[in-house]
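Q: Sequence plus predicted model, see below.
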Amino acid sequence: MSVVPLKFRPTSDGLLLFADDAGGYFKSDHDFLRRYALGHLNPLDLRFLHANGHAFDEVTDLAYAGFEHRFASRLYSPTELDYVILVPTLRCNLACGYCQVSRVNENTTGFDWDERTIEAVLHFLDKLSAKKIKVEFQGGEPLLRLDAITRVRDFCRARFDASEFVICTNLQEVSAEAWALLEQPDVFTSTSLDGNPATHQVQRTITADKTAAFFENVATAVKRLGPGKISALPTINVSRPPEPQSVIDAFLAYDIRSIYLRPVNYQGFARKRFDARASASRWNHYYSSFIDALVEFNWSSDESIEEYYFVHCLRRVLRSGHNGHADLRNPNIVGHGYLVIDYDGRLYPTDEARMVTRVGQFDLSMGDVFTGLSREPIDTLNAEALNNFHPDCVHCPYQAFCGVDLIDDLSRYGRIDLPKHLTDFCQRHTYIFDKIFSMIYSADPKVQKTLAIWSGAPRFDASLAKVHQ
Ligand code: SF4
């Protein structure tokens, strides 16, 4: 009998977590590791490994075909281009401290789509082969260009079988026309809500008047649009993070039950001031306490609350096919399924690539809407965008659930070949997967209740926590 390669990692209970390339996992002890490493597996070991899809008799048998199928279904395959992020203006009516490279003052000229650019964007969209389209408007503050949004929306509604629009707005100033747009059934609103008013004011709105106007608009948005049509994301400053409960309370006040926590995303040169190891470990500590606070809340509440990215990672552990998040895919092929069109008509594979180019680190643009799409430089990067052969990842039990983010590596370190464990990406994801497995193997009913809710199961299934004695 042949055993598929197993990667392993010690866990805090003295055992080891083993996982294969297809994402099958179990726990066992150091004696099993010794027998596995020395080729001295006993009949009980082999029976367990075969029953759980880690061993097969020959490459033609069903067990091997099953393993190969599970392995293949873990891989991301880009779809046709059916998702565009549009930046009709870089102008903004706020000046959040960590957004300096991607916005200009509201009255600055030269940072908007002009008529020629709008025409070229519509022409670009018209040439897409997709039948459905998702359009996300970013900025700057996109509501400053209601005219451009409306033209794109009208065009897409007429051109595609189905279209959906997301407006990423700071909800600072919303005119009657803007509310009417946001109320349309195919329009969704995404905003930033950093926590309670004090936190939000320090990080974003600065003055009490602006803070009051923002919170009034959030309340209006929830009332007029309904909580299902608005998503709000808190940005956390790890140097002075708010208490997890205060963030949870701020979201519950508006009945928003999915929180997507993000650390301040220092871009470009600012990143060099932040040591990845130090900032990742501070972030991990805060993130873990936030997850614990959610578990506590869910235990005594009829209606649960989740942290979006943690739930996404959990589902990637439990099932294949969860490739909906552009930051966590393997291979992470960029510039194919979705694109960013900047204020000047230039095309980028991701928003972060736009920032990297804007601060002059690397040119990661892919042509423009006037002369057409050029994928050549980005496809060179795509050739490296998988973790299956990376010398660190091949030894990591989380490889099948994890991904790669080469543009993040380029942005932070100016290179893509650092040992993975030195990167912010790896340090954050190692911690998340450690936390997920500590919860999967926890006997605490509070943890099990939340895990069941977050994994979409009626109750926690003990067979998820396999141990080979
Ligand atoms: S990036 Fe880190 S956590 Fe992810 S698979 Fe590679 S070694 Fe593991």
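A: That came through fine.
Q: Give me the phi and psi angles of the residue in the stretch 51-200 of the chain that the ligand sits nearest to.
A: Nearest residue of the stretch 51-200 of the chain to the ligand: Arg74, at 11.9 Å (C-beta to the nearest ligand atom). C-beta coordinates here come from the backbone N, C-alpha and C atoms, glycine included. Backbone torsions of Arg74, given as degrees, to the nearest 10, read phi -80, psi -20.
Q: hang on, it packs against Ser320?
A: Yes - assessed by C-beta atoms under 8 Å, Arg74 is found in contact with Ser320 at 4.8 Å.
Q: between those two, who's got more neighbours?
A: Each of Arg74 and Ser320 has its neighbours counted (other C-beta atoms under 10 Å); Arg74 has more, 21 against 18.
Q: who's in contact with the more buried one?
A: Each residue near Arg74 by C-beta atoms under 8 Å, 6 or more residues apart in numbering is listed here: 22-23, 320, 330, 400.
Q: do that again at 7 Å, thanks
A: Residues near Arg74 by C-beta atoms under 7 Å, 6 or more residues apart in numbering: 22-23, 320, 400.
Q: do the same with Leu381
A: Residues touching Leu381, when contacts are defined by C-beta under 7 Å, 6+ apart, comprise Leu406.
Q: what do you get if the cut-off is 10 Å, keeping everything else the same?
A: By C-beta atoms under 10 Å, 6 or more residues apart in numbering, the contact set of Leu381 is 332-335, 349, 353, 362, 364, 406-407, 410, 416.
Q: Can you say which of those are buried?
A: 332-335, 349, 353, 364, 406-407, 410, 416 (16 or more other C-beta atoms under 10 Å).
Q: what secondary structure does Arg9 sit in?
A: strand (DSSP: H, G, I helix; E, B strand; the rest coil).
Q: residues from the stretch 251-400 of the chain in reach of the ligand?
A: 387, 392-393, 396, 398-399 (C-beta under 6 Å from any ligand atom).
Q: Can I get the buried part of those residues as one ChimeraX selection?
A: Buried subset of those, written as a ChimeraX selection, criterion 16+ other C-beta under 10 Å:
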select :387,393,396,398,399
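Q: and the residues of the stretch 251-400 of the chain next to the ligand, which two are the farthest apart?
A: Asp392 and Tyr398 (10.9 Å; C-beta to C-beta).
Q: So for Arg74 and Ser320, which residues contact both of them?
A: 22-23, 400-401.
Q: Strands - which of those land there?
A: Among these, DSSP state E puts none in strands.
Q: Closest to Arg91 out of those residues?
A: Phe401 (40.0 Å).
Q: Next one: that closest one from the ligand, what distance?
A: Counting by C-beta to the nearest ligand atom, to the nearest Å, the gap from Phe401 to the ligand is 8 Å.
Q: Report the contact partners of that residue.
A: Phe401 neighbours (C-beta under 10 Å, 6+ apart): 19, 23, 25, 74, 313-318, 320, 322, 328, 330, 429, 432-433, 436.
Q: What of Ala385?
A: 76, 329-334, 378-379, 403-407, 416.
Q: host element of it?
A: Following DSSP states H and E, there is no helix or strand that holds Ala385.
Q: Output the buried ones among the contacts of Leu381 as CSV; include the columns pLDDT.
A: Shown next, in CSV, are the buried ones among the contacts of Leu381 (pLDDT from 0 to 100):
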residue, pLDDT
Asn332, 93
Ile333, 90
Val334, 89
Gly335, 88
Pro349, 93
Ala353, 90
Leu364, 91
Leu406, 90
Ile407, 89
Leu410, 88
Ile416, 90
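Q: any chance of those in a markdown table, plus secondary structure?
A: What follows is the buried ones among the contacts of Leu381, written out as a markdown table (three-state DSSP):
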| residue | secondary structure |
| --- | --- |
| Asn332 | coil |
| Ile333 | coil |
| Val334 | coil |
| Gly335 | coil |
| Pro349 | coil |
| Ala353 | helix |
| Leu364 | coil |
| Leu406 | helix |
| Ile407 | helix |
| Leu410 | helix |
| Ile416 | coil |
